[in-house]
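Asker: Provided below for reference: sequence and predicted model.
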Amino acid sequence: MNPDRTASEAASSGGRFIDTVHGSASEAPPRFINTGHGPTFQPVDIGHPEYLALIESDSAFWSLVKKDKLGHALTDSSFLDAYRAKAGQFRKEMDGLRFGLTPSAVYFNPTERCNLNCAYCYIPGDMRSKGVHMSPDTLLDALSRLKAHFAATLPEGRKPQIIFHGAEPLMNREAVFQGIDAFKDDFRFGVQTNATLLDEQAVEFLTERNVGVGISLDGVDAAIADSTRKTWSGEGVSHLVRRAMDMLRGYSAFNVICTVTSKNIATLPEVVEYFHKNEVETCLLNIVRCTLPGAREIMPGDQDAGRMFIAALERSHELYRETGRKLVVANFANILLAIMAPTARRLMCDISPCGGGRCFFALAPNGDMFPCSEFIGLPHFKGGNLFTDAIDDVLQSAPFAQVTGRKVEDIEPCNRCAIRHFCGSPCPAEAIEMNGAMNRMGAFCGFYEDQTRYALRLIADGKADDFLWDGWDSEAETVFELKGL
Ligand code: SF4
Ligand code: SF4
């Protein structure tokens with residue numbers, strides 16, 4: 001990215017246009033910016049000494065403009081010409097991304113049980129402590145039904161993804177491993193695990209089959225890491241996660257999630273250092289989802305979250321410059337992609353509607369289907385059951401429609417926020433459980449503002465590529481893949 005580009009250069013190279021309202025043949029072409037049929041551009045302070053962002057709020061078309069050239073950008077006809085030239089292509093692309101995708105992944109919960117009682121878990125405690133496993137036969141039946149569904153809905157040659165998720169999927173290891181072997185040619189598999197049950201045999205099984213493995217560690221210091229992730233009797237497990245990290249070192253389809261809470265927020269740069277030192281290539285610094293009350297007790301403040309998240313990103317960048325080895329913070333990389341190349345994004349929380357129910361869905365051990373794992377503890381969001389209902393009907397059900405129909409355009413104040421298509425106003429589960437309705441915000445607006453401004457500053461300074469996977473732009477046409485997750 002060239003930070004010295006003019007507004008018109010930006011429009012023809014890096015700017016984006018998204019519009020959910022289709023123009024008609026009789027609609028007059030835009031003549032001016034900010035009047036009539038013209039696009040509405042908002043100048044946004046991104047905290048950069050030289051540049052501000054000029055964003056068309058409805059569409060997320062952006063340009064970086066020198067602060068003393070704002071008037072020129074708004075009155076320069078070449079800027080509007082470039083916008084006109086790109087509008088149709090971007091509109092089609094973004095309409096497809098926001099409203100045209102079909103599910104291609106399943107968060108598959110093979111058990112209700114978990115050997116841990118983490119502070120922020122979205123699955124009710126009773127379910128995790130007393131729940132049931134899916135039997136091997138039932139799990140194979142479920143995969144068979146999913147295979148048939150995806151064969152009918154996805155383009156030929158595109159493999160759907162199954163991510164075994166929790167609760168703790170390895171508590172039902174035998175069934176999970178049988179499923180992976182039986183359907184290895186039909187799905188790409190991943191396992192999101194708390195890592196406590198990952199022994200050498202399990203690691204060998206998963207890595208030999210190229211199964212994605214995600215594990216969780218919330219801090220470097222055991223006292224911090226163990227304060228949020230512990231057993232039912234209160235014992236910390238971070239030593240077991242470190243052991244798993246050692247076993248998985250160098251495995252390319254491996255990532256670590258650190259859930260950001262008030263407990264670890266001050267130490268995020270150290271967390272990044274630790275991951276980098278242990279040769280982790282991809283991590284996620286996921287801000288805690290505040291769907292259930294337990295999580296709200298440890299939610300960090302927005303400003304602290306923004307400040308320390310950016311400090312951690314800066315530290316990751318220093319380490320990259322010092323060693324030549326990247327640690328990609330995937331959830332932030334996704335924001336950069338949302339700005340620079342939306343169809344290359346890999347995660348679907350920061351878009352509206354979010355990915356829940358439309359890019360993927362979650363399957364409970366009894367076959368109940370939910371738009372996202374975040375809803376598994378909320379029975380009224382059950383859309384149907386894999387074993388008794390047609391998947392297509394479940395995807396159209398009222399509970400799913402509540403989530404797939406939640407758009408930033410319907411949410412105050414997101415509907416007038418310039419960065420709404422880089423943020424997506426997550427999360428619907430938080431919005432309804434924490435704030436009472438789908439058409440309300442979730443948590444952490446200020447945090448999302450901070451990270452988007454930081455992303456635009458990096459673009460202005462020509463540093464964005466340093467925070468992305470090598471070769472990301474060779475995959476710019478990819479539409480939603482949970483790669484490495
Ligand atoms: S925003 Fe919430 S409901 Fe949507 S995909 Fe993300 S976690 Fe799931
Ligand atoms: S949550 Fe905040 S930053 Fe995100 S779209 Fe809404 S107003 Fe904008």
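Answerer: Arrived safely. Ligands and ions are numbered 1, 2, ... in the order given.

Asker: Quick check: buried residues in stretch 65-74?
Answerer: 65-66, 73-74 (16 or more other Cβ atoms under 10 Å). Yep, even glycine has a C-beta here, placed from its N, CA and C like the rest.

Asker: Now do the spatially most central residue of the chain, the pLDDT please.
Answerer: Closest to where the C-alpha atoms of the chain average out (Cα atoms, centre = their mean) is residue 347, at 3.3 Å. Note for residue 347: predicted pLDDT of 92.

Asker: and the protein, which residues reach ligand 1?
Answerer: 289, 348-349, 354-356, 372, 374, 426-429 (Cβ under 6 Å from any ligand atom).

Asker: among the residues you listed, which are in helices?
Answerer: Taking DSSP state H as the definition of helices, these contribute 428-429.

Asker: quick check, nearest of the residues of the chain next to ligand 1 to residue 105?
Answerer: residue 355 (8.4 Å; Cβ to Cβ).

Asker: mind checking the backbone torsions on the residue nearest to that closest one when sequence neighbours are not counted?
Answerer: Of all residues not flanking residue 355 in the chain, residue 348 sits nearest, at 2.6 Å (Cβ to Cβ, 6 or more residues apart in numbering). According to degrees, to the nearest 10, the main-chain angles of residue 348 amount to phi -130, psi 30.

Asker: burial count for residue 348?
Answerer: 23 (other Cβ atoms under 10 Å).

Asker: still on that earlier bit, show only the entries of the buried residues of stretch 65-74 found in helices.
Answerer: 73-74.

Asker: which two in the buried residues of stretch 65-74 are spaced the farthest apart?
Answerer: 66 and 74 (12.8 Å).

Asker: which helices and strands does the strand or helix carrying residue 319 pack with?
Answerer: Following DSSP states H and E, the helix or strand that holds residue 319 is helix 302-323. Packing contacts for helix 302-323, counted by 3 or more Cβ pairs under 8 Å, 6 or more residues apart in numbering; DSSP states H and E, involve strand 254-260, helix 268-277, strand 282-287, strand 328-329, helix 445-460.

Asker: how about whatever residue of the stretch 151-300 of the chain ends up closest to ligand 2, what does it touch?
Answerer: As assessed by Cβ to the nearest ligand atom, ligand 2 sits closest to residue 287 within the stretch 151-300 of the chain, at 12.0 Å. Shown in contact with residue 287 (Cβ atoms under 8 Å, 6 or more residues apart in numbering): 259-260, 300, 305, 309, 443-444, 447.

Asker: what about 6 Å?
Answerer: Applying Cβ atoms under 6 Å, 6 or more residues apart in numbering to residue 287 gives the contacts 260, 444.

Asker: buried residues in stretch 197-208?
Answerer: Result for stretch 197-208 [16+ other Cβ under 10 Å]: buried residues 198, 202-203, 205-207.

Asker: Please save the CA atoms from that stretch in PDB.
Answerer: What follows is stretch 197-208, C-alpha atoms only, in PDB (Å, rounded to 0.1, in the frame of the first residue of the first chain):
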ATOM      1  CA  LEU A 197      -6.400 -34.500  27.100                       C
ATOM      2  CA  LEU A 198      -3.900 -34.100  24.200                       C
ATOM      3  CA  ASP A 199      -1.400 -36.900  24.600                       C
ATOM      4  CA  GLU A 200       1.300 -38.000  22.200                       C
ATOM      5  CA  GLN A 201      -1.000 -40.600  20.500                       C
ATOM      6  CA  ALA A 202      -3.700 -37.900  20.000                       C
ATOM      7  CA  VAL A 203      -1.200 -35.400  18.600                       C
ATOM      8  CA  GLU A 204       0.200 -38.100  16.200                       C
ATOM      9  CA  PHE A 205      -3.300 -39.100  15.100                       C
ATOM     10  CA  LEU A 206      -4.400 -35.500  14.400                       C
ATOM     11  CA  THR A 207      -1.200 -34.300  12.800                       C
ATOM     12  CA  GLU A 208      -0.800 -37.300  10.500                       C
END
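
Asker: State the mean pLDDT of it.
Answerer: Here the average pLDDT along stretch 197-208 is 97.

Asker: Now do the contacts for residue 423.
Answerer: 350, 448.

Asker: mind running it again at 10 Å?
Answerer: 335, 338, 349-352, 408, 414, 417, 441, 444-445, 447-449, 451-452 (Cβ atoms under 10 Å, 6 or more residues apart in numbering).

Asker: Check what pLDDT it gets.
Answerer: 94.

Asker: for residue 117, same thing?
Answerer: 88.

Asker: Surely it touches residue 230?
Answerer: Yes - under the criterion of Cβ atoms under 10 Å, residue 117 makes contact with residue 230 at 6.6 Å.

Asker: In three-state terms, label the closest residue to residue 244 other than its chain neighbours for me.
Answerer: Distances taken as Cβ to Cβ, 6+ apart place residue 195 nearest to residue 244, at 3.9 Å, with adjacent residues excluded. Here residue 195 is recorded as coil under DSSP: H, G, I helix; E, B strand; the rest coil.
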